[in-house]
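Participant: Sequence first, then the predicted structure:
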Amino acid sequence: MKESKKIPKLRAKDDLLQSPKGMRDLIGNDFYLFQGFFEKAAEVALYYGFQPIETPILEKEELFNRSVGEGTDIVSKEMYTLKTKGGDRLALRPEFTPPIMRAYFEHGMQSWPQPVMFYSFGPVFRHDNPQKGRYRQFYQFNLEILGTQKSIADATIIMIVYTILKEVGLKDISVQVNSIGDGECRGIYKRELTNYYKKHLKDVCADCRERLKINPLRVLDCKNPICQPIKDLAPESIASLCPACKLHFREVLEYLESMNIPYEINSNLVRGIDYYTRTAFEIVLTPDPRTNPEEQVVPLALAGGGRYDGLAKILSGKKELSAVGAGIGVDRVLLQENYTKLSPRIIKKPKVFFIQLSLDAKQKSFEVIEALRKSRIPLAHSLSKDSLSIQLALAEKQEVPFVIILGQKEALENTVIIRNMDNRSQDTVKIDKLAEYLKKNI
Ligand code: AMP
């Protein structure tokens, strides 16, 4: 007997008309707010010598499994994966760094002058529990310096992220920084931390007991209050640093001091991702001193990053590459009270409202719009309205200084009427002289 196919349950119609949970449309001003931020951040990055890169939003799933690490929340719980019709397994990027490193090797950038410095921005996907400032599709502005071990690269990344956040108006922000050492001293630290936690297994949450088996550093990310006293007395990674890592960390801090960037060493900052080495940092809002410390919620990080000298080897098995990078959580930055609303260059307030009357005029209207576009004069118009009074009312609403009127008579004569909305004076001008007229009078 033929097996009957299970028919998927029909969704309620109104459910289909809603975006997926944790994902949203960016319309009008919201869209412009994001674009304004991206433009500002890109400008800062360009002046510091970074170049743009855009990688695909989908990558091979294995790229993230290997790099971000199987034991991390990002890979085990949060990644959006899919199987293509051809049988490939792909993932929506949960972060930018592995794709950029993939691109570095794919395009033979080892032969370019080092280091190679990239900025990029766009959507990132993590299947997390949505709340204020936490989405499943969110936006990052990302910076990477690939091909150098030098501590000045770490300091440069921190400084640029800090500068971008300051440039967009954020006030009370501080840099939290830590060093988790390299492949060797990090191993020593992991063992110490594990031994310490093993002595307190009964006093920590079930998640921490699990983390200890898979990725012990993650116990320091735990927000469960019952683990707090154990976490507070846990050994610190900087105490286990080898001399080279210690020197690197000291140099990073000295650079920050010389650039007057306020920082705090946060020994709990280990970041959950396997490939980090040495510097780990986050930029957070400084807690308000007026709030009672007991009531203070852990601030959501606005940006985070670090050095990942271990990633190339994890990905390729043999290649060595030192690199450092960071991601700014743009959605969270835009939510901040002090954020200065930046308009992207592309939005221009309309200077004229273009009124078209009659079919002949509608047909001629593209000539007028083209003339204005070529002269870079932004306009507003209504494609669907025919009445003069309705269109004039729309023009009044938009507070434009000029209205261009194209009726049947004007269409036949290749002219338009230009009305000055301040003094209500009118001129009739040939369409081919329109741009010239407006440039002189606007
Ligand atoms: P990460 O790649 O985890 O270091 O994240 C870099 C920055 O992205 C964080 O500091 C946050 O500002 C932001 N971020 C991370 N996860 C989310 C999320 N689910 N929703 C919104 N922003 C996020």
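Facilitator: Cool, got the structure. Numbers count the residues shown, from 1 in each chain.

Participant: Just checking: what are the partner strands of the host helix or strand of residue 178?
Facilitator: For residue 178, the host element (DSSP states H and E) is strand 173-179. With DSSP bridges as the test, strand 173-179 is paired with strand 263-265 (parallel), strand 277-285 (antiparallel).

Participant: which of those strands is buried the deepest?
Facilitator: Mean neighbour count (mean count of other C-beta atoms under 10 Å) peaks for strand 277-285 among these, with a mean of 24. Where you see a C-beta, it was placed from the backbone N, CA and C, and this is true even at glycine.

Participant: Pairing partners for the helix or strand following that one, with directions?
Facilitator: Sequence order places strand 301-307 as the next helix or strand after strand 277-285, per DSSP H and E. Strand pairing for strand 301-307, using DSSP bridges, gives strand 277-285 (antiparallel), strand 323-329 (antiparallel).

Participant: Out of those, which is closest to residue 52?
Facilitator: Distance to residue 52, taken as C-beta to C-beta, is lowest for strand 323-329 among the strands paired with strand 301-307, at 14.5 Å.

Participant: before we move on, the earlier item: spell out whether the strand holding residue 178 and the ligand are in contact.
Facilitator: No: judged by C-beta under 6 Å from any ligand atom, strand 173-179 and the ligand are separated, with a smallest distance of 10.9 Å.

Participant: coming back round to it: with mean pLDDT and distance to the ligand as added columns, please give the strands paired with strand 173-179 in CSV.
Facilitator: As requested, the strands paired with strand 173-179 are exported to CSV (pLDDT from 0 to 100; distance: least, C-beta to the nearest ligand atom, whole Å):
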stretch, mean pLDDT, distance to the ligand
strand 263-265, 95, 16
strand 277-285, 95, 6
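
Participant: Strands of the stretch 51-200 of the chain, residue ranges please.
Facilitator: Counting by DSSP state E, counting those that start in this stretch, the segments of the stretch 51-200 of the chain that form strands are 51-52, 58-60, 81-83, 89-92, 116-125, 137-146, 173-179.

Participant: partner strands of the first one, parallel or antiparallel?
Facilitator: In the sheet containing strand 51-52, its partner strands are strand 116-125 (parallel), by DSSP bridges.

Participant: Relative to the whole chain's centre, how far out is the partner strand?
Facilitator: Strand 116-125 sits 8 Å away from the centroid of its parent chain (C-alpha atoms, centre = their mean, to the nearest Å).

Participant: mean confidence score for that strand?
Facilitator: What strand 116-125 shows for mean pLDDT is 98.

Participant: Buried residues, that strand. List them.
Facilitator: 116-121, 124-125 (16 or more other C-beta atoms under 10 Å).

Participant: angle of the helix or strand hosting residue 246 against strand 173-179?
Facilitator: Per DSSP H and E, residue 246 falls inside helix 243-258. Between helix 243-258 and strand 173-179, the angle comes out at 170 degrees (axes from the mean of the first three to the mean of the last three C-alpha atoms, to 10 degrees).

Participant: Report the residue ranges of every domain in the chain.
Facilitator: Domain assignment for the chain by automatic domain parsing gives 16-185+241-335, 352-441.

Participant: quick one: which of those is nearest residue 223?
Facilitator: When the domains of the chain are compared by C-beta to C-beta, domain 16-185+241-335 sits nearest residue 223, at 6.2 Å.

Participant: Return the member of the buried residues of strand 116-125 nearest to residue 236.
Facilitator: Checking those against residue 236 by C-beta to C-beta gives residue 124 as the nearest, at 30.4 Å.

Participant: Report the beta-bridge partner residues of the closest one.
Facilitator: residue 138.

Participant: Does it touch residue 93 like I think?
Facilitator: Yes: Residue 124 lies in contact with residue 93 (C-beta atoms under 8 Å); the separation is 6.0 Å.

Participant: buried ones in stretch 24-38?
Facilitator: Across stretch 24-38, burial judged by 16+ other C-beta under 10 Å covers 32-38.

Participant: per-residue pLDDT, the residue nearest the centre of the chain?
Facilitator: The chain has residue 140 as the residue nearest its centroid, 1.4 Å off, counting by C-alpha atoms, centre = their mean. With respect to pLDDT, residue 140 scores 98.

Participant: which residues touch it?
Facilitator: Residues in contact with residue 140 (C-beta atoms under 8 Å, 6 or more residues apart in numbering) are 95-96, 121-122, 124, 327-330.

Participant: what's the neighbour count on residue 346?
Facilitator: Residue 346 has 10 neighbours, counted by other C-beta atoms under 10 Å.

Participant: List just the nearest of the buried residues of strand 116-125 to the ligand.
Facilitator: Distance to the ligand across these (C-beta to the nearest ligand atom) is lowest for residue 124, with 7.3 Å.

Participant: so what's the closest one up against?
Facilitator: Per C-beta under 8 Å, 6+ apart, neighbours of residue 124: 93-96, 137-140, 327.

Participant: Need those in TSV (columns: distance to the ligand).
Facilitator: TSV is the format used below for the contacts of residue 124 (distance: C-beta to the nearest ligand atom, whole Å):
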residue	distance to the ligand
93	10
94	8
95	5
96	8
137	8
138	3
139	8
140	5
327	4
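
Participant: got CSV for the residues you listed, with distance to residue 383 too?
Facilitator: Formatted as CSV, the contacts of residue 124 follow (distance: C-beta to C-beta, whole Å):
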residue, distance to residue 383
93, 38
94, 41
95, 42
96, 39
137, 31
138, 35
139, 31
140, 37
327, 41
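
Participant: beta partners for the residue in the chain positioned nearest to the ligand?
Facilitator: In the chain, the residue that lies nearest the ligand is residue 329 (2.0 Å; C-beta to the nearest ligand atom). Taking DSSP bridges as the rule, residue 329 bridges to residue 140.

Participant: Roughly how far does it sit from residue 182?
Facilitator: Plainly put, residue 329 is 27 Å away from residue 182 if you go by C-beta to C-beta, to the nearest Å.

Participant: Among these two, which residue is more densely surrounded?
Facilitator: A count of neighbours by other C-beta under 10 Å puts residue 329 above the other of residue 329 and residue 182, at 22 against 19.

Participant: is it true that that one touches residue 285?
Facilitator: No: using C-beta under 8 Å, residue 329 is not in contact with residue 285, being 11.9 Å away.

Participant: Identify the contacts common to the two.
Facilitator: 300, 302.

Participant: Let me know the angle separating the longest helix along the chain from strand 116-125.
Facilitator: The residue-count maximum for a helix in the chain (DSSP state H) belongs to helix 29-47. Orientation check (the same axes, to 10 degrees): helix 29-47 against strand 116-125 gives 160 degrees.
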